[in-house]
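sequence plus the predicted model coming up.
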Amino acid sequence: MKTILKHILTLALLSGLWHTQAFANEATPKQVVASTIEAIIAVLEAREDKTTVNDVDRENIRKVVQGKFDYREMSRRSVGKPWKTMTEEKRQVFTELFRQMLEYSYGNQLAGYKGQKVVLGDAEFKKGKARVKGAVVDSSKSIPMEYRLHQTDTGWQVYDIKIEGVSLVTTFRKDFKSIVKKQGVDGLMAVLQRKVEKLKAKG
């Protein structure tokens, strides 16, 4: 159950708002996080089959992802220093592979959603960035989390998530570093490509 809750929380942040662009530009960090979670939960509760996330559900989730999660910034932070050596074309390809990996890795876990609630505190600001702390709560436990956002041309976007004190970006950076050291950036991209293909095959 703990793992499922983590996946629910993570993909909730990967979801966007279905509000207008004007609202998105005006939304505070807390509003972005809260509305994002509401949007993904709405998709989950609307499922006809509550035991699975099918292609239609996944497409609905994909539609609300737009603009609320900064995949490029997360990719850059996850790759670390090697990002500077990558061509713009490779950066774009890597960012798309990274997005698909997250979508399929965490999306398939959402079938376990069973009405857990998310409680959020007010946003804290520092050096042009924001963090929103909260917790996922059910009848027996409370799991702390923290959403980190930065301001972009289209509003506040999430660039990292900490769950029980563990940063998603830091975790990926450690994993990617060992692959890049042995196989280079091209090797890392090939690893991600194979992972995405395998996840897609699972449905």
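Okay, I see it. Residues are numbered from 1 along each chain as shown.

any weak-confidence spans in this structure?
Low-confidence segments of the chain, defined by pLDDT under 70: 1-26, 65, 107-108, 203.

so which bits of the lengthiest strand in the chain are buried?
Assignment by DSSP state E gives strand 142-152 as the longest strand of the chain. The neighbour-count check on strand 142-152 (16 or more other Cβ atoms under 10 Å) flags 143, 145-150 as buried. In short, each C-beta sits where N, CA and C put it, glycine included.

would you turn these into a markdown table with distance to residue 161?
Shown next, in a markdown table, are the buried residues of strand 142-152 (distance: Cβ to Cβ, whole Å):
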| residue | distance to residue 161 |
| --- | --- |
| 143 | 12 |
| 145 | 7 |
| 146 | 7 |
| 147 | 6 |
| 148 | 7 |
| 149 | 10 |
| 150 | 13 |
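
so the residue sitting furthest away from the middle of the chain: helix, strand or coil?
Distance from the C-alpha centroid of the chain peaks at residue 182, with 27.0 Å (Cα atoms, centre = their mean). Recorded secondary structure, residue 182: helix (DSSP: H, G, I helix; E, B strand; the rest coil).

and it, how far is that from residue 176?
Residue 182 sits 11 Å away from residue 176, taking Cβ to Cβ, to the nearest Å as the criterion.

try residue 122
From residue 122 to residue 176 the distance is 33 Å (Cβ to Cβ).

give me the more crowded residue out of those two.
More neighbours surround residue 176 than the other of residue 122 and residue 176, with 20 against 10 (other Cβ atoms under 10 Å).

pretty sure the more buried one is in contact with residue 188, am I right?
Yes. Using Cβ atoms under 8 Å, residue 176 makes contact with residue 188 at a distance of 5.8 Å.

got any residues that touch both of the two?
Between them, residue 176 and residue 188 share these contacting residues under Cβ atoms under 8 Å, 6 or more residues apart in numbering: residue 79.

so residue 122, which state does it fall into?
Per three-state DSSP, residue 122 ends up coil.

residue contacts, residue 85?
Applying Cβ under 8 Å, 6+ apart to residue 85 gives the contacts residue 185.
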